[in-house]
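Asks: Using only what follows, build the 3D model:
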Amino acid sequence: MSTAWRLSALALGIAIGAVAASSWGLAFLALPQPGERLSDGARAAALGPGTATKGAGAGTDAAIDLAAAGPPLAAAASSREPFVVPPPPDAAARPGGRWATVLEVRGANALRIRDESGTVREVEHIGVMGPGPGQRRGWRERATRAHEALVGGRRILVEGPAGRGPRDRSLPSLAHVFVEGELDAPVSARLWAGGNAWVYPNTPHPLAQWFADLQAEAVRGQAGLWAEGGSHTLWRPRDGQRGGFPVDSRIVPALYLLAADPIGRSVLAAAERFPPEIRFSRLSEGTLGLFARREFSVAVAERWAGSDPVAVAGVLVHELRHVGDLIASGIIDVDTGCFEGEERAFETATLFWFGRYGLAGKQPAQDGLDRNLNDSLRQYRDGRLNSTIRAAYGHRCAR
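Replies: Next comes the predicted model:
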């Protein structure tokens, strides 16, 4: 299951969504006509003073900004510039914890173990996610075999939190796992080196930045599964020194636009510690963009690959806000809310679009993506967006 931004086939033609039954994602559906207005004070605070004077002529500025936003694409997209992963923090070199024996490998990121007291339990690697059931090209089976080769039947040192917090008591424990005789780095580091897993924000931990560096090196080397997807480029904001986002090189112009925008910088900064994959992908008809929580990836529909990079950035900023919310929920163990998460994502995308084109939106709109963002801005401007979201999400968010 996934998070998707869908074009409306109804009168409004805007993208709004509803939460799918699976906890792994959210699906965006078309909304009915809303009737409630946002608070004038809240809307004025968000849009700021003098908004009525910023007009439709901003489209020319957007092209100029794109040229200044970052280095030439060829340089930005290079995956082969020198890069050295720094050594692991002291926390990785001197682990503590309890010894156990691996009884069974369950996928790319989970183990069934027996500790020295005889207790049998399931453990998942901290900060790791691997391919799920049914994922393309037999990825889960291959990643599981690689995991098995590393730890199958081995004696391991298990170090980490006892659980996931009050919302997730029934889920497996989270831990850094070290193989006996190989205590220099956790097993997860070797999973990344082979390109068989990706970073995931399931709990805060001191190795997060190092994990992002290891993933970056795997992307650059096109190790394992990274060689078979569409994300062959590592992208960082201009001031970024470590980690980086695995991306489809065609999406780099939109990312530089985000990095040059205050709202865009904010959502990118929230995601940098646990960088998701960002790409164009074939999505179902009517779907503009998608945040797949299980795969921890953001996608924009392939059919918009030739659209204005500003509009592509408008989709990305929405989906990346969902990424930031997921990271926050894992780090602080707080449910960010169904209605509230969608309101934040749509408001973030709408204010980004307003910042580029003013209250009228992009005029003239070039394609359906522009029209969608214009319509969303119009609803926000008129104070109708939140009630539209509430109307569409009511039966699903109440579950």
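Asks: hey, let's count contacts and neighbours off CA atoms from now on
Replies: OK.
Asks: G361 against N374, yeah?
Replies: Yes. G361 is within contact range of N374, at 5.0 Å (criterion: CA atoms under 8 Å).
Asks: How is the protein partitioned into domains?
Replies: 3-79+238-397, 90-226 (automatic domain parsing).
Asks: Now the weakest link among those domains, please, by mean pLDDT.
Replies: The weakest mean pLDDT among the domains of the chain belongs to domain 3-79+238-397, with a mean of 71.
Asks: Apart from its chain neighbours, what residue comes closest to R303?
Replies: Closest residue to R303 apart from its sequence neighbours, by CA to CA, 6 or more residues apart in numbering: R282 at 7.6 Å.
Asks: Name the strands paired with the longest strand along the chain and say parallel or antiparallel.
Replies: Under DSSP state E, the strand in the chain containing the largest number of residues is strand 98-106. Neighbouring strands of strand 98-106 in its sheet, by DSSP bridges, are strand 110-115 (antiparallel), strand 155-159 (antiparallel).
Asks: Output the domains of the chain as CSV; include the columns distance to H232.
Replies: Shown next, in CSV, are those (distance: least, CA to CA, whole Å):
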stretch, distance to H232
domain 3-79+238-397, 6
domain 90-226, 7
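Asks: Next, format the ones you listed as a markdown table and append mean neighbour count.
Replies: Converted to a markdown table, the domains of the chain look like this (neighbours: other CA atoms under 10 Å):
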| stretch | mean neighbour count |
| --- | --- |
| domain 3-79+238-397 | 19 |
| domain 90-226 | 19 |
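Asks: can you give me the strands in the stretch 201-350 of the chain?
Replies: 233-235, 245-247, 277-281, 287-292, 297-301 (DSSP state E, counting those that start in this stretch).
Asks: Can you show me the helices along this structure?
Replies: For the chain, helices defined by DSSP state H occupy the ranges 40-47, 58-69, 73-76, 90-93, 139-151, 187-193, 208-220, 252-259, 262-271, 309-332, 338-357, 368-381, 385-397.
Asks: show me the contacts for the residue nearest to G130 when sequence neighbours are not counted.
Replies: Take G130 and drop its neighbours on the chain: the residue closest to it by CA to CA, 6+ apart is A197, 4.4 Å away. Going by CA atoms under 8 Å, 6 or more residues apart in numbering, A197 touches A108, N109, V128, M129, G130, P131, A143, L191.
Asks: gap between A197 and V102?
Replies: 19 Å (CA to CA, to the nearest Å).
Asks: just to revisit the earlier point, just the C-alphas of the longest strand of the chain, formatted as CSV.
Replies: Backbone C-alpha positions of strand 98-106 (Å, rounded to 0.1, in the frame of the first residue of the first chain) are rendered in CSV as follows:
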residue,chain,number,x,y,z
ARG,A,98,23.1,-9.6,25.2
TRP,A,99,24.3,-12.6,23.3
ALA,A,100,21.9,-14.7,21.4
THR,A,101,21.7,-17.3,18.6
VAL,A,102,19.9,-16.8,15.3
LEU,A,103,17.1,-19.4,14.8
GLU,A,104,15.6,-18.0,11.6
VAL,A,105,16.1,-15.2,9.2
ARG,A,106,12.9,-13.4,8.3
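Asks: H147 against A108, yeah?
Replies: Yes. H147 lies in contact with A108 (CA under 8 Å); the separation is 5.7 Å.
Asks: Return the residues in contact with the residue lying closest to V177 once chain neighbours are set aside.
Replies: Nearest non-adjacent residue to V177, counting by CA to CA, 6+ apart: V158, 4.8 Å away. For V158, the contacting residues are G96, G97, R98, W99, A100, A175, H176, V177, F178, by CA under 8 Å, 6+ apart.
Asks: related to what we said a few turns ago, now the strands of the stretch 201-350 of the chain in TSV, with distance to F211?
Replies: Output for the strands of the stretch 201-350 of the chain, formatted as TSV (distance: least, CA to CA, whole Å):
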stretch	distance to F211
strand 233-235	15
strand 245-247	12
strand 277-281	14
strand 287-292	20
strand 297-301	16
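Asks: Out of those, which gets nearest to R384?
Replies: The minimum distance between R384 and the strands of the stretch 201-350 of the chain falls on strand 287-292, with 21.4 Å, by CA to CA.
Asks: any idea of the angle the closest one forms with helix 368-381?
Replies: 80 degrees (axes from the mean of the first three to the mean of the last three CA atoms, to 10 degrees).
Asks: Mind listing the strands strand 287-292 pairs with, and their directions?
Replies: Counting by DSSP bridges, strand 287-292 is paired with strand 3-6 (antiparallel), strand 297-301 (antiparallel).
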